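Trainee: Sequence unavailable; structure follows:
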C-alpha cells in the first residue's frame, strides 16, 4: 500500500477508490457507454476530491509553520503537472501537423491556451461547446479541466489564507474565557 511521502501527509486509500470510480465515469461517458452516464458527475467528484486534498496539504503546512507556504505549494504543483503538459503539447502539435493539417490553426491556439492554463476560457471565447460537437473533437479539448484545476490552485490558497488570517485575528480579539471554578 502506498505510504505518505512525508510524515506530515496523510494517505487515505479510500480516496484512490473514489478517484478511480470518478475517472471510470468520465471514460465511460467518452466511450459513449449508456450504462455509465456519469461523465459530468465524475468530473465534479474529481474536482471536489482535488479541492479537499489541496486544502488538506495547505492546512498541514499551516499547522506546521503558521503559514501556507504558497511558493513551495506552487513549485510542487508545477513539478507534478508541467513536465507532462510540455511533452504532450509538442507531440500533439506534430501529430496534428502530420495527420490533420486543417486543424493546426485551431489546435495551435488551444495549445497556447493550454500551456497558460486558460484553455477553459479560450474554449468559451471561441464559443466551443464541450458537449455539442459537430466535427471531430480537438485532441486538446480535455485540457479545459486541467485549466480549471490550475486556476483553483492559484486562487484557492489566497482565499484560504485570508480566511485563516481572519480566524487568527478573531481568536486574538475575542475575550479570554472566565477562569475555571474548582470543583469542591
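Mentor: Ah, there it is. The model shown is predicted, which means the values in this text are computed figures rather than measured ones. Numbering: from 1, shown residues only.

Trainee: looking at the protein, which helix or strand is least sure?
Mentor: helix 13-31 (a mean of 85; mean pLDDT, DSSP states H and E).

Trainee: Which neighbouring elements make contact with the helix or strand containing residue 79?
Mentor: Using DSSP states H and E, the element containing residue 79 is helix 70-99. Applying 3 or more Cβ pairs under 8 Å, 6 or more residues apart in numbering; DSSP states H and E, one finds that helix 70-99 contacts helix 39-65, helix 104-115, helix 144-173. In short, each C-beta sits where N, CA and C put it, glycine included.

Trainee: Can you give me the buried ones in that helix?
Mentor: The neighbour-count check on helix 70-99 (16 or more other Cβ atoms under 10 Å) flags 70, 73, 77, 85, 88-89, 92-93, 96 as buried.

Trainee: Just the angle for the least confident helix or strand of the chain relative to helix 144-173, thanks.
Mentor: Counting by axes from the mean of the first three to the mean of the last three Cα atoms, to 10 degrees, helix 13-31 lies at 150 degrees to helix 144-173.

Trainee: Any regions of this protein where pLDDT drops low?
Mentor: In the predicted model of the chain, residues 1-9, 37-38, 130-135, 184 satisfy pLDDT under 70.

Trainee: now do 90
Mentor: Low-confidence segments of the chain, defined by pLDDT under 90, span residues 1-17, 19-44, 46, 66-67, 105-106, 123, 126-139, 141-142, 145, 167-184.

Trainee: if I pick the residue most central in space within the chain, what's in contact with it?
Mentor: Against the mean C-alpha coordinate of the chain, by Cα atoms, centre = their mean, the closest residue is residue 149 at 2.8 Å. By Cβ atoms under 8 Å, 6 or more residues apart in numbering, the contact set of residue 149 is 47, 50.

Trainee: at 6 Å what do you get?
Mentor: Applying Cβ atoms under 6 Å, 6 or more residues apart in numbering, we find residue 149 in contact with residue 50.
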